[in-house]
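1. Sequence first, predicted coordinates after that:
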There are 2 protein chains.
Amino acid sequence: MNHSERMKCEALKDRITTAEAAATLIRSGMTLGTSGFTPTGYPKAVPAALAARFQKEKGCCINLYTGASVGKGLDGALAEAGAINRRMPYQTNTTVRKKLNQRDIRYSDIHLSHFAQEVRYGFYGKVDVALVEALEITEEGHIVPTTSVGASPVFISQAETVIVEINTRKPLSLKGMHDIYQPQDPPHRQPIPLVNPEDRIGTTAIPCDPTKIKAIVFTDLDDDPISFTPADEDSQQIARHLISFFQQEVMAGRLPEQLLPLQSGVGSVANAVLKGMSDSPFKNLVFYSEVIQDNVLDLLDNGTFRFASGTSFTLSPDGFDRLYANMEKYRNQIMLRPMEISNNPEIIRRIGSIAMNTAIEADIFGNVNSTHIMGRRMMNGIGGSGDFARAGYLSIFATPSMAKGGAISAIVPMVSHVDHTEHDVKVIVTEQGLADLRGLSPWERAESVIENCAHPDYRPALRDYLAAGMKEPGHTAQLMHEALSWHQRFEETGTMKP
Amino acid sequence: MNHSERMKCEALKDRITTAEAAATLIRSGMTLGTSGFTPTGYPKAVPAALAARFQKEKGCCINLYTGASVGKGLDGALAEAGAINRRMPYQTNTTVRKKLNQRDIRYSDIHLSHFAQEVRYGFYGKVDVALVEALEITEEGHIVPTTSVGASPVFISQAETVIVEINTRKPLSLKGMHDIYQPQDPPHRQPIPLVNPEDRIGTTAIPCDPTKIKAIVFTDLDDDPISFTPADEDSQQIARHLISFFQQEVMAGRLPEQLLPLQSGVGSVANAVLKGMSDSPFKNLVFYSEVIQDNVLDLLDNGTFRFASGTSFTLSPDGFDRLYANMEKYRNQIMLRPMEISNNPEIIRRIGSIAMNTAIEADIFGNVNSTHIMGRRMMNGIGGSGDFARAGYLSIFATPSMAKGGAISAIVPMVSHVDHTEHDVKVIVTEQGLADLRGLSPWERAESVIENCAHPDYRPALRDYLAAGMKEPGHTAQLMHEALSWHQRFEETGTMKP
Ligand SMILES: CC(C)(COP(=O)(O)OP(=O)(O)OC[C@H]1O[C@@H](n2cnc3c(N)ncnc32)[C@H](O)[C@@H]1OP(=O)(O)O)[C@@H](O)C(=O)NCCC(=O)NCCS
Ligand SMILES: CC(C)(COP(=O)(O)OP(=O)(O)OC[C@H]1O[C@@H](n2cnc3c(N)ncnc32)[C@H](O)[C@@H]1OP(=O)(O)O)[C@@H](O)C(=O)NCCC(=O)NCCS
């Protein structure tokens, strides 16, 4: 292979090595910061070598910091080797999830925009090694990321040692789609100059002191293939409620005709909502979010979106083919940024994002749980949902009204864990309907959520709960002895139904 | 009285009238937006006339929107007249609190920085009348606020009718201490140009279309006198823990020697913490917060602070005397801004505030309740605590470890209401000690909070709870059937002790 097309820095030629050799730079006890955001753009060759070594040398452990979730080859391989001590700030991997719920992995669930700057502030200790996937290393030794940016700029600037995996499977045509900007830290920070989602404010490569690059590994390994479940009828119904809500807001003069930049969370409901936008009368919208999924390409193609900004391409294999085949078109329509910028509350508040995220459950008073099943079991993490929900112009949470075939109501008296407080939840939507909670008192919110969002099967019991609570004085009609009884019942009987 | 010294706009001369006449502009069903933030700078003469009229004409009701809490003459008088339908976004008045807990007043508890912009976005309906206290009306008809700014700029820009109370008791020398800036709304918003807390970015008066000013009333009524309870031993102990924490952070290189701009919440604990800073080795600090209290003047006088920015002067009568007697000194050291700026997350994140707020209770996993007693009774509201806690460089919550003479543990298994989620709470401090929760897993947080913050009387029971929770799998060792049992026990027996 001709390395010089991808590795342009003369001074680094002798750093090209094997994954196994590179992996020896990572020793037990270290903190590793890697590229990757949703299972794309994460390193694969060195983690495989590292996991193999850790499988043999028992008792080894590292702290693994990433952008967000990463693929099986990194999270899965290291977790299976029992080699992850601490994990931050987000994950979706089956093995990691299992292990953190067994408390074998110390997991910290952190707002993504916080994590990036707090690593720089030194809150999470020293990052010993940055391990990042790259398209190329430039003449100056700077690093061009691949299909995600995530927290790579922070790890690269903080680590003493940088290991680069150049992935030749990812086309060089991606170069130029990244916009890398790292704010200074207080008290020296300046306004982040991004005013329109389309603005380019940084460089196309991640600046790096080339002397820190100790190993360069060439690979052509693929990311985990991503597949999407087709939108079910409930999710489509949620999308329809949302679109008619947007239409009403435009009519009332509370949103401009081209809306405001949309953000969309992860998961099947979020997918369906984006898909639903295709059938809406809206055109020429802007998307300012984390993840560019297949349906974002659809929306760009059919004119619903005119521009999309994110921190990763989370595409199916078909989606990637489509992207790569039409790079010249998409190059002007898509930008990938560090998650410190894609999720930055300064920017989100300035541009006025419409934040659409998914709840596991919501309570009648408007609090949302997005992370914990029955208050205990971690699903994924808060990710960027808090960055967008708190700072956005509008914050919307969607969920099907029931889970587990109806044994669970997603609308409960009190959520079993709070990720988004009543102050940050303006709208709740289920397939049943939409509750606009702005300016309402707690009992008005409760009535609206019960009558608009709860499944009819659960409405009588929720009305009873509210009525009982309303018999006692107090702003929020919550009953300490019953608030969590629905979860308790589910744990005891397998259903929330009485 | 010579009106022309305070009312300089020729065209408005004929608008000078009595409070009773001005009050007739406010009719039942209207939404009234007033000046006032903490009981200072709120209108007093027109509300008195209005309350008197509403006492006579039964069945009248208005919606009352303010900056934050206001005095008895406004909140108290209207609530006693039964004339408040909706109330936003914060209150501390005894009658209002009683009525909203009886659900006679529909109260919406809203992040202060959200409220200001969301009024402009139209989320809370039309503001019919803005009623604001002023030092003077300028030649152009612009309005110079008095001892607080709060949400006045928003109400004045939004309302069709503006009523001004010129309070001649407040000295004209206050003029020039205000810095009025109102951001544009998305998609047209630009970066807010405040980079250093000392920066002046706006005007000294609130711009107003003079044709909207329909009535001008002269008064010399005083604000409610504010008194401060002297710091008790617990609060002083909390202050000492915090100061030694700051010293450690400086030593570790995670804070600069002059720290970063401090924010301090309301209440007796917050007061003590500020007071405690006087005995600290820190000098030349900057204060960027909501409220300038007596002890902020002390800190400016003794060189601990070099500059203070807020949205209101919340001073005792003595404090005001001191301020007014030394205006030339303080003029260069203090600035009052709209709460949309004092509490703006864009700015708070940029300058890197150290957010110090008070909890009613905190749970072992790091969630904080700042608003609800026993999950039901509203105390005050979230105020600006969420603006600072989420966007700050560091967010700290303080509380004495027990309340009600030890019958209540402020450290509980699960808080009865969540205002600040585990993601937003980096440090918890009580008189017992300080728990630094950064980067910890839930069970590590629980151990740290129990051993450092809980009162020794409650530690064994908390350890038992955690141990029982740790017997079951799950990231967060919460037990649905016991999580709120401490609150339940208090309600049933009058103590949380078993
Ligand atoms: C909340 C979240 C888990 C939902 O994801 P999703 O794919 O739309 O959710 P699903 O409906 O498929 O549910 C996922 C699982 O939770 C279960 N579930 C859903 N609601 C539940 C409830 N109320 N109680 C118990 N289990 C529930 C489902 O049954 C499903 O279980 P399974 O995996 O065993 O089949 C996901 O959006 C998330 O992690 N969000 C937080 C992070 C985030 O918002 N990131 C974006 C920021 S930009
Ligand atoms: C939380 C808050 C109420 C504490 O105020 P404080 O004056 O320091 O609190 P105190 O210790 O005097 O307690 C106030 C009352 O709550 C009671 N209380 C305190 N902790 C309690 C608990 N865990 N359970 C029940 N009652 C409790 C106290 O006994 C006291 O009762 P009383 O009025 O009947 O005497 C106050 O800081 C607040 O409203 N914060 C939210 C808004 C905010 O942070 N604003 C600033 C943003 S910049």
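-> It's in. Ligands and ions are numbered 1, 2, ... in the order given.
2. Count the neighbours of the residue in the stretch 251-400 of chain A that chain B sits nearest to for me.
-> Nearest to chain B in the stretch 251-400 of chain A, going by CB to the nearest CB, is A:Gly352, at a distance of 2.5 Å. Using the backbone N, CA and C atoms, a C-beta is placed for each residue, glycine as well. Neighbour count of A:Gly352, defined by other CB atoms under 10 Å in any protein chain shown: 23.
3. can you pull the contacts of it?
-> A:Leu260, A:Pro261, A:Gly392, A:Tyr393, B:Asp185, B:Pro186, B:Pro187, B:Arg189 (CB atoms under 8 Å, 6 or more residues apart in numbering or on different chains).
4. Just the buried residues of those.
-> The neighbour-count test (16 or more other CB atoms under 10 Å in any protein chain shown) applied to these identifies A:Leu260, A:Pro261, A:Gly392, A:Tyr393, B:Pro186, B:Pro187, B:Arg189 as buried.
5. near chain B, which residues of the stretch 151-300 of chain A?
-> Neighbours of chain B within the stretch 151-300 of chain A, by CB under 8 Å from any CB of the partner chain: A:185-187, A:189-193, A:195-196, A:252-254, A:256, A:260-261.
6. phi, psi of A:Ile62?
-> phi -130, psi 160 (degrees, to the nearest 10).
7. ok, what's across the strand from it?
-> In this structure, A:Ile62 bridges to A:Ile84 when assessed by DSSP bridges.
8. re the thing from before, quick one: which of the buried ones among the contacts of A:Gly352 sit in helices?
-> In helices, judged by DSSP state H, none of the buried ones among the contacts of A:Gly352 are found.
9. Now tabulate those in JSON lines and tack on pLDDT and distance to B:Glu133.
-> JSON lines is the format used below for these (pLDDT from 0 to 100; distance: CB to CB, whole Å):
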{"residue": "A:Leu260", "pLDDT": "98", "distance to B:Glu133": "35"}
{"residue": "A:Pro261", "pLDDT": "98", "distance to B:Glu133": "38"}
{"residue": "A:Gly392", "pLDDT": "98", "distance to B:Glu133": "33"}
{"residue": "A:Tyr393", "pLDDT": "98", "distance to B:Glu133": "31"}
{"residue": "B:Pro186", "pLDDT": "98", "distance to B:Glu133": "31"}
{"residue": "B:Pro187", "pLDDT": "98", "distance to B:Glu133": "34"}
{"residue": "B:Arg189", "pLDDT": "98", "distance to B:Glu133": "29"}
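10. out of the residues you listed, who's nearest B:Ala359?
-> For these, the minimum distance to B:Ala359 (CB to CB) is 26.0 Å, reached by A:Gly392.
11. quick one, what contacts the closest one?
-> A:Gln263, A:Ile348, A:Arg349, A:Gly352, A:Ser353, A:Ile354, A:Ala355.
12. Count the residues that sit near the nearest residue to A:Ala389 once chain neighbours are set aside.
-> Distances taken as CB to CB, 6 or more residues apart in numbering or on different chains put A:Ser395 closest to A:Ala389, at 4.0 Å, once the chain neighbours are dropped. Per other CB under 10 Å, the neighbour tally for A:Ser395 reads 25.
13. hmm, back to that, quick one: which of the contacts of A:Gly352 is nearest ligand 2?
-> Of all the contacts of A:Gly352, A:Gly392 has the smallest distance to ligand 2: 21.3 Å, by CB to the nearest ligand atom.
14. Now the residue nearest to the closest one when sequence neighbours are not counted, what are its backbone angles?
-> Distance criterion CB to CB, 6+ apart; nearest residue to A:Gly392, sequence neighbours excluded, is A:Ala355 at 3.6 Å. The phi/psi pair for A:Ala355 (degrees, to the nearest 10) reads phi -90, psi 120.
15. list the contacts for the closest residue to ligand 1 within chain A?
-> For chain A, the residue closest to ligand 1 is A:Gly267, as judged by CB to the nearest ligand atom, at 2.6 Å. Residues near A:Gly267 by CB under 8 Å, 6+ apart: A:Thr358.
16. if I look at it, how far off is A:Asn380?
-> Taking CB to CB, to the nearest Å as the measure, A:Gly267 falls 9 Å from A:Asn380.
17. List the contacts of the residue lying closest to A:Arg322 once chain neighbours are set aside.
-> With CB to CB, 6+ apart as the criterion, A:Arg322 has its nearest non-adjacent residue at 5.9 Å, and that residue is A:Leu297. Shown in contact with A:Leu297 (CB under 8 Å, 6+ apart): A:Leu315, A:Gly319, A:Arg322, A:Leu323, A:Tyr330.
18. Helix or strand: which one has A:Leu297?
-> Secondary structure assigned from DSSP states H and E places A:Leu297 in helix A:294-301.
19. How about A:Leu50?
-> Going by DSSP H and E, A:Leu50 is in helix A:45-56.
20. Check whether A:Asp294 really touches A:Asp318, as I assumed.
-> Yes: the criterion here is CB atoms under 8 Å, and A:Asp294 meets it with A:Asp318 at 7.2 Å.
21. Those two: which has the busier surroundings?
-> The neighbour comparison of A:Asp294 against A:Asp318 (other CB under 10 Å) goes to A:Asp294, with 22 against 12.
22. For that one, which non-adjacent residue is closest in space?
-> In space, A:Asp294 comes closest to A:Gly319 once its chain neighbours are excluded; the distance is 4.0 Å by CB to CB, 6+ apart.
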